[in-house]
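# using only what follows, build the 3D model:
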Amino acid sequence: MQILRCSSAVLLLIASSLAAPKTHTIVLGKAVAIKLPGAQGSETEARIRPLLIDDRLKEYTTGAAHDVTDRVFVIRRVFRLNDTLPSETGKPARFIWRLGGWLSVDRQTRRITQLNLPFFDPQISETSWFRDYAAYCGNSDDGGKAYAMVFQLGRRKPLLKQEFPGSSCPAPGWEREPLRVTFDPPGVEKAGFVVRSRNAEYDINSQEPDESKEPDKEDKP
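As a prediction, this is how the structure comes out:
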């Protein structure tokens with residue numbers, strides 16, 4: 001009888017351990033300051049945080065995370081690049097920090113996916129997220145053309161790819177009703193686009209009136 005009781009207790013412990021799901025942790029660690037190399041030897045300061053899954057370092061990130069859903073969030077990646085010249089063989093490796101693209105992180109599966117945003121330029125693109133939409137200004141591969149871009153996660157093609165003169169723009173602004181995004185590149189007229197299920201269309205109402213223009217005669221009192 002004593003043996004039977006012990007066996008039952010062991011079986012209960014095994015069953016309870018199998019039923020209890022393992023808890024996983026996804027944490028953004030403490031922020032630290034780094035130097036990002038710029039053009040002609042210049043440097044800019046950025047703050048980065050390690051992305052830890054179950055206390056293991058997976059990626060380095062920068063900027064604020066955006067919750068796409070209550071399960072998935074996106075965050076900007078930053079990485080260390082080997083900057084050692086071939087002639088410097090035998091010396092300690094020299095690494096520099098570089099901005100990367102965007103990561104999608106699933107809190108439930110702990111899966112990290114590198115997002116492929118069309119024409120995204122890590123050096124100049126500033127991304128504005130709303131829901132599962134990313135709006136930013138991108139560049140062609142040769143850097144000769146700039147585009148206003150709207151991309152929705154899960155799609156292969158962007159909802160908007162509009163060429164504009166210039167090279168970059170600040171992070172675009174979003175409005176909820178109607179769903180609209182506004183681009184304001186320097187030296188270029190501000191442009192708004194209404195975002196629909198399959199595309200984004202230019203919103204003529206986004207044009208700001210030119211206050212410097214004289215009113216027509218018939219408009220005068």
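
# so which residues of the chain form helices?
2-19 (DSSP state H).

# what sits closest to the spatially most central residue of it if chain neighbours are left out?
The residue lying closest to the centre of the chain (C-alpha atoms, centre = their mean) is residue 102, at 4.0 Å. Spatial nearest neighbour of residue 102, chain neighbours left out: residue 115 (4.5 Å); criterion: C-beta to C-beta, 6 or more residues apart in numbering. Quick note: C-beta positions are derived from backbone N, CA and C, even for glycine.

# got a list of what that neighbour touches?
74, 101-104, 134, 153 (C-beta atoms under 8 Å, 6 or more residues apart in numbering).

# how close does it get to residue 132?
11 Å (C-beta to C-beta, to the nearest Å).

# find residues that contact each of those two.
residue 153.

# which one of the contacts of residue 115 sits in the busiest neighbourhood?
Neighbour counts for those peak at residue 134, which has 26 neighbours (criterion: other C-beta atoms under 10 Å).

# can you verify my assumption that it contacts residue 158?
No - with contact defined as C-beta atoms under 8 Å, residue 134 does not reach residue 158; the gap is 9.2 Å.

# and this structure, what are its domains?
24-85+94-115, 118-210 (automatic domain parsing).

# shaky segments in the protein?
1-23, 206-221 (pLDDT under 70).

# now residue 125. Nearest residue, chain neighbours left out?
Closest to residue 125 by C-beta to C-beta, 6+ apart is residue 136, at 4.6 Å.

# ok, how many other residues are close to the one you found?
26.

# dump the residue contacts of the residue nearest to residue 79 when sequence neighbours are not counted.
What sits nearest to residue 79 in space, not counting adjacent residues and going by C-beta to C-beta, 6+ apart, is residue 100, at 5.3 Å. Contacts for residue 100 (C-beta under 8 Å, 6+ apart) come out as 76-79, 122.

# just the buried ones from those residues, in PyMOL syntax?
Filtering the contacts of residue 100 down to the buried ones (16 or more other C-beta atoms under 10 Å) takes a single PyMOL command:
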select buried, resi 76+77+78+79
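
# for the closest residue to residue 106 other than its chain neighbours, what are its contacts?
Spatial nearest neighbour of residue 106, excluding adjacent residues (C-beta to C-beta, 6+ apart): residue 72 at 5.4 Å. Counting by C-beta under 8 Å, 6+ apart, residue 72 touches 104-107.

# export those to JSON lines and tack on distance to residue 86?
Shown next, in JSON lines, are the contacts of residue 72 (distance: C-beta to C-beta, whole Å):
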{"residue": "104", "distance to residue 86": "36"}
{"residue": "105", "distance to residue 86": "36"}
{"residue": "106", "distance to residue 86": "40"}
{"residue": "107", "distance to residue 86": "43"}
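
# ok, and the most crowded of these?
Ranking the contacts of residue 72 using other C-beta under 10 Å puts residue 105 first, with 23 neighbours.
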